[in-house]
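Engineer: Sequence plus predicted model, see below.
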Amino acid sequence: MLNTLKVAFNNIKGSGFRNLAIFLCVMGLSAFLLCTTLMIKGAERSLNVGIDRLGADILVVPTGAESRVETALLMGKPTTVWMDRSKMTEIAAIPGVEKVTPQVYLQSLYGASCCSVSEMFLMVYDPATDFVVTPWLIKTLGRPLQKGEVFGGCYIFVPPGMKSIQLFGSEVTLKGNLEATGTGLDQTMFMTKDTALMLAENSITSAEQPLQIPEEGISTVMVKVAPEADRHQVTLDILSRVVGVTPIESPNLFGVYRNQMNGLLWGFFAIMIVIWALAIFLIGLVFSMAANERRREIAVLRAVGATRAYAVKTILLEAALIAVGASVLGTFLAAQGMFIFKDMLAGSLGMPFLFPSWINLVGYAAGGVLLSLLTVSLAAFLPAIRITGYEPAMAMRE
Amino acid sequence: MITLRQVTRRYRLDEETYIEPVKNISLEIPQGEFMIIIGRSGSGKTTLLNLMAGLIKPNSGEVLVDGISLQGMNDRQLSLLRGKKMGFVFQFPSLLPSLNVIDNVCFPRRFLPRQERKDPLEDAVRLLEMVGLGEKLYSYPRQLSAGEQKRAVIARSLINEPQILLTDEPTSDLDEKTEQEIMGLMRDIHAKGVSIVMVTHNLQLIPYAGRAFKMEQGILSKVSTSRVPDAEQLFELLPAG
């Protein structure tokens, strides 16, 4: 038996060009919506995973180096900043501080034959006190790193045809990679203090430029606050008692980037709302024109026994089919595109990005489809009500 | 049976002006009648037909089908009445363009109550064969001639076995041979007990009817059906200009 769905499909096919225009419009909107959502959520997720991965409650950096350190951690842009190791001792003495560990930031040479990777961010930790890197290593590698071994972010790999990575003329062994964070940690190489000192020592004879590590120099201090202590109070105490350093509470880390990113994303969001409102208006206009063209057809439908509700339902069903088809295709293409070009996009926008989990992606896509469905149904509803409101005989008059 | 009691319908043209294509008409159409209403274009005959079908409401008076007033019915009841008891043949091409012929003919069946909604395919094929379109079941309206479309519409109008067929200029724009075929079909349908109300400006069709009326300026008056109108009568009834 002929059903309403088949009638709706046939009607859609029957007005191919007009419906194709609506289809493409909804597809574009859905794709844009998903892309914007993925950018917002991907950036958020990336920042949160990055902060979690740092594993410290407070990051202490030399005053004035805050933004360079944040850029290094967030975007993997290498930096070298220094402060005296004595600062760590002062910080450790502050009430509420449970653990402290130093980190040293280095970078490989640019375009030098003694380094397989150019301008790589190198993060050096002290295994004796470390509570940041070691837990990942134990979880992933099952043991701490030995001298001459390194661990990499997800984008670190041994160059093709080689068994190890060359840094400052020495060979180091890549023992594994971390899961993606979407931040600069993905492009960072982690090593122990012993390995770094070995590289520095060998670089004098083997590298194009020697690697210099000041004997008492460290780049940052990672602080773990005691469970009973107030993190914010500890931060204020560090700020007031230790000269020449700036403590950053982990939730406030990347604050500048968050603000920049929020500005950018709100811009996207505003554009999306404007485009969406415009789309509702235009789609409504197209449906209104379509409904006018079909006024007589709807009247005939009612003359042969269809109720007004059935006529409205048919028009809305057509709209819904277009909306669902277009938004499913739009979100699918957008998800594919984002997945393929995510690195290029994140790089060009200067923001971290971590692709969402598949469950979240399906959730966002379903939300997008639902929103498209509501939008198109809303746009079709008023013309449908108007056109079926005529007395059938009046609607038949041209 | 359709009954019209002092039915008037007017259309407002602007704030102060209106026209009255149907003026205070009372009429009874018993079951099984073949009735023709003739009149010039704009005389109100289509409006009268639409009033009988409940496709338009009267400004005053009452239309009853089998003793039940259409004015007291809601949209659902009115739609059901049209779907079950009435068939329509409109003056303009009225097949749904997105459906093929067989689907167009089957379509009104879905508006019957679920318990009466048997598979329409067999009936549709039979009706299409009856109107000579047995070879064009899966053609689309755009692939049919005007006469074939009209015949398909007649088949559609009969799918729910209506008591009354309301036809508006069913032979307009058709050649003489097709006109005779269509009228032959009408006669066959009437012979099966279906009432037919036909509005037309073609006076040659009057002899097919049991009763004929002339509509002029909203007023209905009876005319003879005993013979084809003579030249004087034709001149009087032909459209002005």
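Structural biologist: That came in fine, so what should we check first? Treat the numbers as computed from the prediction; the structure is a model and nothing was measured.

Engineer: is the residue nearest to residue B:211 when sequence neighbours are not counted in a bridge, and if so with what?
Structural biologist: Spatial nearest neighbour of residue B:211, chain neighbours left out: residue B:35 (4.8 Å); criterion: C-beta to C-beta, 6 or more residues apart in numbering or on different chains. C-beta: built from backbone N, CA, C; applies to glycine. Residue B:35 forms beta bridges with residue B:197, residue B:211, as assigned by DSSP bridges.

Engineer: Might one say that residue B:35 is in contact with residue B:206?
Structural biologist: No. Using C-beta atoms under 8 Å, residue B:35 is not in contact with residue B:206, being 10.7 Å away.

Engineer: Residue for residue, what is the longest helix chain B has?
Structural biologist: The longest helix of chain B (DSSP state H) is helix B:176-191.

Engineer: Any stretches of the chain with poor pLDDT?
Structural biologist: Assuming you mean chain A. Filtered on pLDDT under 70, chain A yields the residue ranges A:1-2, A:255-256, A:349-351, A:398.

Engineer: other chain: chain B
Structural biologist: Scanning chain B for pLDDT under 70 picks out the ranges B:226-241.

Engineer: in it, which spans are strands?
Structural biologist: B:2-12, B:18-29, B:34-39, B:60-65, B:68-69, B:86-89, B:164-168, B:195-200, B:211-216, B:219-223 (DSSP state E).

Engineer: what packs against the last one?
Structural biologist: Where contact means 3 or more C-beta pairs under 8 Å, 6 or more residues apart in numbering or on different chains; DSSP states H and E, strand B:219-223 is packed against strand B:18-29, strand B:211-216.

Engineer: By proximity to chain B, which residue of the stretch 151-300 of chain A wins?
Structural biologist: Going by C-beta to the nearest C-beta, chain B is nearest to residue A:300 of the stretch 151-300 of chain A, at 4.6 Å.

Engineer: Let me know the secondary structure of that residue.
Structural biologist: Recorded secondary structure, residue A:300: helix (DSSP: H, G, I helix; E, B strand; the rest coil).

Engineer: and what of residue A:101?
Structural biologist: strand.

Engineer: Number of residues surrounding the residue lying closest to it once chain neighbours are set aside?
Structural biologist: The shortest distance from residue A:101 to any non-neighbouring residue, by C-beta to C-beta, 6+ apart, is to residue A:129 (4.1 Å). Residue A:129 has 16 neighbours, counted by other C-beta atoms under 10 Å in any protein chain shown.

Engineer: Please apply the same query to residue A:230.
Structural biologist: If you count neighbours by other C-beta under 10 Å, residue A:230 ends up with 12.

Engineer: Now for the residue lying closest to it once chain neighbours are set aside: which residues touch it?
Structural biologist: Distances taken as C-beta to C-beta, 6+ apart place residue A:96 nearest to residue A:230, at 6.9 Å, with adjacent residues excluded. Counting by C-beta atoms under 8 Å, 6 or more residues apart in numbering or on different chains, residue A:96 makes contact with A:225, A:226, A:229, A:230, A:233, A:234, A:237.

Engineer: how does it look with 6 Å?
Structural biologist: The contact partners of residue A:96, by C-beta atoms under 6 Å, 6 or more residues apart in numbering or on different chains, come to A:225, A:226, A:229, A:234.

Engineer: Kindly report the same for residue B:215.
Structural biologist: By C-beta under 6 Å, 6+ apart, the contact set of residue B:215 is B:37, B:39, B:43, B:44, B:45.

Engineer: if we go to 7 Å?
Structural biologist: Going by C-beta atoms under 7 Å, 6 or more residues apart in numbering or on different chains, residue B:215 touches B:37, B:39, B:43, B:44, B:45, B:48.

Engineer: Now render these as JSON lines, adding neighbour count and distance to residue A:205.
Structural biologist: Conversion of the contacts of residue B:215 to JSON lines gives the following (neighbours: other C-beta atoms under 10 Å in any protein chain shown; distance: C-beta to C-beta, whole Å):
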{"residue": "B:37", "neighbour count": "25", "distance to residue A:205": "115"}
{"residue": "B:39", "neighbour count": "24", "distance to residue A:205": "115"}
{"residue": "B:43", "neighbour count": "24", "distance to residue A:205": "114"}
{"residue": "B:44", "neighbour count": "25", "distance to residue A:205": "112"}
{"residue": "B:45", "neighbour count": "28", "distance to residue A:205": "111"}
{"residue": "B:48", "neighbour count": "25", "distance to residue A:205": "111"}
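
Engineer: Out of these, which is nearest to residue B:14?
Structural biologist: Of all these, residue B:44 has the smallest distance to residue B:14: 19.6 Å, by C-beta to C-beta.

Engineer: That closest one against residue B:22, yeah?
Structural biologist: Yes. Between residue B:44 and residue B:22 there is a contact at 5.0 Å, judged by C-beta atoms under 7 Å.

Engineer: Report the set of residues contacting both of the two.
Structural biologist: Counting by C-beta under 7 Å, 6+ apart, the residues touching both residue B:44 and residue B:22 are residue B:218.

Engineer: For the helix or strand where residue A:135 lies, which outside residues touch it?
Structural biologist: Here residue A:135, judged by DSSP states H and E, is contained in helix A:134-140. With C-beta under 7 Å, 6+ apart as the test, helix A:134-140 has contacts from A:55, A:127, A:144, A:145, A:151, A:176, A:178.

Engineer: if we can go back for a sec, so for residue A:353, which of the strands of chain B sits nearest?
Structural biologist: Evaluated over these, closeness to residue A:353 peaks at strand B:86-89, with 61.7 Å, by C-beta to C-beta.

Engineer: burial count for the residue of chain B found nearest chain A?
Structural biologist: Using C-beta to the nearest C-beta, the single residue of chain B nearest to chain A is residue B:83, 2.4 Å away. Residue B:83 has 25 neighbours, counted by other C-beta under 10 Å.

Engineer: quick one, what contacts it?
Structural biologist: So residue B:83 contacts A:304, A:305, B:108, B:111, B:112, B:160 (C-beta under 7 Å, 6+ apart).

Engineer: if you set the cut-off to 6 Å instead, what comes out?
Structural biologist: A:305, B:111, B:112.

Engineer: picking up where we left off before, thought the residue nearest to residue B:211 was touching residue B:213?
Structural biologist: No. Between residue B:35 and residue B:213 there is no contact under C-beta atoms under 6 Å: 7.2 Å.

Engineer: So between the two, which is more surrounded?
Structural biologist: residue B:213 (23 against 20).
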